[in-house]
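Asker: A structural model of the following input is requested.
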Amino acid sequence: MTEVAVVADVAVAAAELFVESVAGAVAARGRTAVALTGGSSAAPLFTRMRAANLPWAQAQFFFTDERAVPPDHELSNYRVAFEGLLRHVEAGGVHRIRGEAPDLDAEARRYAGDLRDTLGSPPRLDLVLLGLGPDGHICSLFAGEPGSADRGDDELVRHVAAPRHVEPKVARITLLPFLVVTARMVVLQVTGAAKSEVLARTVKGPEDLAGCPAQWIRKASGRSVVVCDAAAASRL
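Answerer: Residues are numbered from 1 along each chain as shown. Next up is the predicted model:
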């Protein structure tokens, strides 16, 4: 069951869950693997994460998704993560999605292979950090996009893809639902009254994974936590 935490400062609460996940994973397995979010929720969270006293050298950082832009572009999720967090810590490994790659399908397969080679087969992330789009998307999983199971038997294409129909219309590469639902912890950050309706649909609406991909968090095999403010939670 998805937990809902209504808090005054969403970024602080999400950073506390990050610390819990990282510390627990390193204690249990000697390392941690985290998928970093993009979007408006990323920068405030990264500012708070970097202040944590953690075994950063044991941390492997991946990304939930990336736009098809160079790493220094203003739309790059990597740029936001680098400026807000990664340049401030001595991470054990940073696994960037190469948004500038000329063949995004090939880059998606390369990234899926990187996940497999680093984490094993099938790969399992310790923590996936997410934001919620106003249309119900997470990562770059927008309404109408096929899920992991709909992409065939090839392990690589079931884990990462370059979706064809996204809004805004900037090409992207994204993790697929398999890597979200199998993570040991998923944290979804939501703020503001403008997202109250889509959050209610995500948490308690009729199941519609194709129309509201954020509902995949309800399928999580590990711990699934929604961290939101009172305005976002007003329809729950």
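
Asker: helix or strand for residue 18, which one?
Answerer: Element membership for residue 18 (DSSP states H and E) is helix 10-29.

Asker: give the buried residues for that helix.
Answerer: 10-11, 13-18, 21-22, 25-26 (16 or more other CB atoms under 10 Å). Quick note: C-beta positions are derived from backbone N, CA and C, even for glycine.

Asker: and which of the residues you listed is nearest to residue 94?
Answerer: residue 22 (14.8 Å; CB to CB).

Asker: picking up where we left off before, looking at the buried residues of helix 10-29, which is nearest residue 109?
Answerer: Proximity of the buried residues of helix 10-29 to residue 109 (CB to CB) peaks at residue 25, which lies at 26.5 Å.

Asker: now for the closest residue in space to that closest one that isn't next to it in sequence, how many residues are close by?
Answerer: The shortest distance from residue 25 to any residue that is not its chain neighbour, by CB to CB, 6 or more residues apart in numbering, is 3.7 Å, and that residue is residue 32. The local packing of residue 32 (other CB atoms under 10 Å) involves 26 other residues.

Asker: and if you look at residue 123?
Answerer: Residues near residue 123, counting by other CB under 10 Å: 23.

Asker: list the contacts of it.
Answerer: Residue 123 makes contact with 33, 115-116, 159, 179 under the criterion CB atoms under 8 Å, 6 or more residues apart in numbering.

Asker: please repeat the previous calculation with a cut-off of 10 Å.
Answerer: When the contact criterion is CB atoms under 10 Å, 6 or more residues apart in numbering, the partners of residue 123 are 33, 62, 112-117, 155, 159-160, 175, 178-179, 182-183.

Asker: surely residue 178 meets residue 139?
Answerer: No - under the criterion of CB atoms under 10 Å, residue 178 lies out of contact with residue 139, with a separation of 11.6 Å.

Asker: these two: which is more packed in?
Answerer: Set side by side, residue 178 and residue 139 show more neighbours around residue 139, with 31 against 20, by other CB under 10 Å.

Asker: look up how far residue 51 lies from that one.
Answerer: Counting by CB to CB, to the nearest Å, the gap between residue 139 and residue 51 amounts to 26 Å.

Asker: and for residue 221?
Answerer: Taking CB to CB as the measure, residue 221 falls 30 Å from residue 51.

Asker: next one: residue 91
Answerer: Distance, residue 91 to residue 51, by CB to CB: 15 Å.

Asker: who touches residue 56 in this structure?
Answerer: Contacts for residue 56 were tallied using CB under 10 Å, 6+ apart; they are 22, 26, 32, 50, 85-86, 88-92.

Asker: check residue 235 too.
Answerer: With CB under 10 Å, 6+ apart, residue 235 has these contacts: 193, 195-201, 203-204.

Asker: correct me, but residue 174 touches residue 162?
Answerer: Yes - with contacts counted by CB under 10 Å, residue 174 reaches residue 162, the gap being 7.8 Å.

Asker: out of the two, which sits in the busier spot?
Answerer: Under the neighbour definition other CB under 10 Å, residue 174 and residue 162 were set side by side, and residue 174 has more, 27 against 23.

Asker: is residue 78 within a helix or a strand, and which one?
Answerer: Take DSSP H and E as the rule and residue 78 turns out to sit in helix 77-84.
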